[in-house]
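Asker: Structure of the sequence below:
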Amino acid sequence: MKTTKENWESATANLRNRGVRSTVGESVEAIRIRDYAAHLSKVYVGESLLDVGCGDQFIKKCIDPKVRYIGLDAFPVFSKPDLLYETWMGNIEDEKWIEFFDKKIDTVCAFAVMDNCLDFDKAIENMKLIAQKNIVILTGVDIEADRFHTFKLQLSDFDYRFSDWNKTYMEEIAPKVWLLEYTRP
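Answerer: Numbering: from 1, shown residues only. From the prediction side, this is the model:
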């Protein structure tokens, strides 16, 4: 599954600039979706974590400070690396990240990214090559492609592409929002 660069850039800009929608505000669903710390407590987080589509690096605030955090985003909010935290500008679909992160990343997280990526299959393929232990995904499922989403994803899209990995966690945390964990066999 691929989309055009223009469609992807438009959807990404819409997400960044949106006002009140399901993931903002104080509704029960909005709070549950944003409660990344609770989500991460349900899955394995290794000694290093690559946050795909890191945005404002919210995940960094939710993990143990001993975990080496690395952010990757096409439009990063922060780009100044420090001793423990790094942020790189780029897309997970770019093959250069496979060699760059080779054997250095235990856990790959992609929260609110997969239903708005440029090339779904390439993103999954590269995350599988980078992650040494597991991949954790928080994504919309069965949401029509619109100005915020480049793909309408189904759980079967993930099951098919991760058929060679173990599905170790699966939970619908809000209507049409799923937390998935796949572990390297």
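
Asker: Where does pLDDT dip in this protein?
Answerer: 3, 5-34, 78-85 (pLDDT under 70).

Asker: So for it, the centremost residue is which one?
Answerer: residue 110 (1.1 Å; C-alpha atoms, centre = their mean).

Asker: Can you verify my assumption that that residue contacts residue 124?
Answerer: No: with contacts counted by C-beta atoms under 8 Å, residue 110 stays clear of residue 124, the gap being 9.0 Å. Any C-beta I mention is one placed from the backbone N, CA and C, and that applies to glycine too.

Asker: Mind jotting down where the helices sit in the protein?
Answerer: 5-17, 28-34, 36-40, 96-100, 120-130, 155-161 (DSSP state H).

Asker: The third one packs against which elements?
Answerer: Applying 3 or more C-beta pairs under 8 Å, 6 or more residues apart in numbering; DSSP states H and E, one finds that helix 36-40 contacts strand 105-111, strand 131-140.

Asker: which of those strands is buried the deepest?
Answerer: Neighbour counts (mean count of other C-beta atoms under 10 Å) averaged over each of the helices and strands packed on helix 36-40 peak at strand 105-111, with a mean of 24.

Asker: and that strand, which strands flank it?
Answerer: strand 48-52 (parallel), strand 131-140 (parallel) (DSSP bridges).

Asker: distance between that strand and the chain's centre?
Answerer: Chain-centre distance of strand 105-111: 7 Å, with C-alpha atoms, centre = their mean, to the nearest Å.

Asker: Mind listing residues that contact that strand?
Answerer: With contact meaning C-beta atoms under 8 Å, 6 or more residues apart in numbering, strand 105-111 is reached by 36, 39-40, 44-53, 59, 70, 92, 123, 127, 130-139.

Asker: that older thread, can you tell which of the helices and strands packed on helix 36-40 is closest to residue 173?
Answerer: Closest to residue 173 of those, according to C-beta to C-beta: strand 131-140, at 7.7 Å.
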